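Undergrad: Turn this into a model:
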Amino acid sequence: MQGRANDGRIYNMNNLNIAEIVITFDPNQQYDPTFTFFGGYDANDEDTELTADVEERVYTYDFTDTDFTHFLIRNDNYALYIMEVEITFELTD
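TA: Next up, the predicted model:
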């Protein structure tokens, strides 16, 4: 998946009960990805920036201490080359 340079956005439209999101970028990409990741309550919500645990080009976002139902990846510069976006859901009663 490629995010358009400078202003591309990837987000979910429907409410999700998110526990964790792991984004894996192409390890052979020439430059480090430059993007901002947000959690929120609506599609395109850019109010709350989240910080990842990063290991090489794998970014892990923990949602367990939030009640956010949406995420947004905003590309801030060069094209993003995303290999995988893995969403883990939290079970509810």
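Undergrad: if you count residues, which strand in the chain comes out on top?
TA: strand 80-89 (DSSP state E).
Undergrad: could you measure residue 61 against residue 6, distance?
TA: As defined by CB to CB, to the nearest Å, residue 61 lies at a distance of 22 Å from residue 6. Using the backbone N, CA and C atoms, a C-beta is placed for each residue, glycine as well.
Undergrad: Neighbour count: these two, which is higher?
TA: Of the pair residue 61 and residue 6, residue 61 is the one with more neighbours under other CB atoms under 10 Å, namely 21 against 12.
Undergrad: Please give me every residue in contact with that one.
TA: 20-23, 37, 39, 50, 52, 71 (CB atoms under 8 Å, 6 or more residues apart in numbering).
Undergrad: Report the separation between the nearest residue to it once chain neighbours are set aside and residue 30.
TA: Of all residues not flanking residue 61 in the chain, residue 21 sits nearest, at 4.6 Å (CB to CB, 6 or more residues apart in numbering). In this view, residue 21 and residue 30 are 25 Å apart by CB to CB.
Undergrad: try residue 49
TA: 25 Å.
Undergrad: cool, residue 89 as well?
TA: 34 Å.
Undergrad: With neighbour numbers in mind, choose between the two.
TA: Ranked by neighbour count (other CB under 10 Å), residue 89 and residue 30 place residue 89 first, with 11 against 7.
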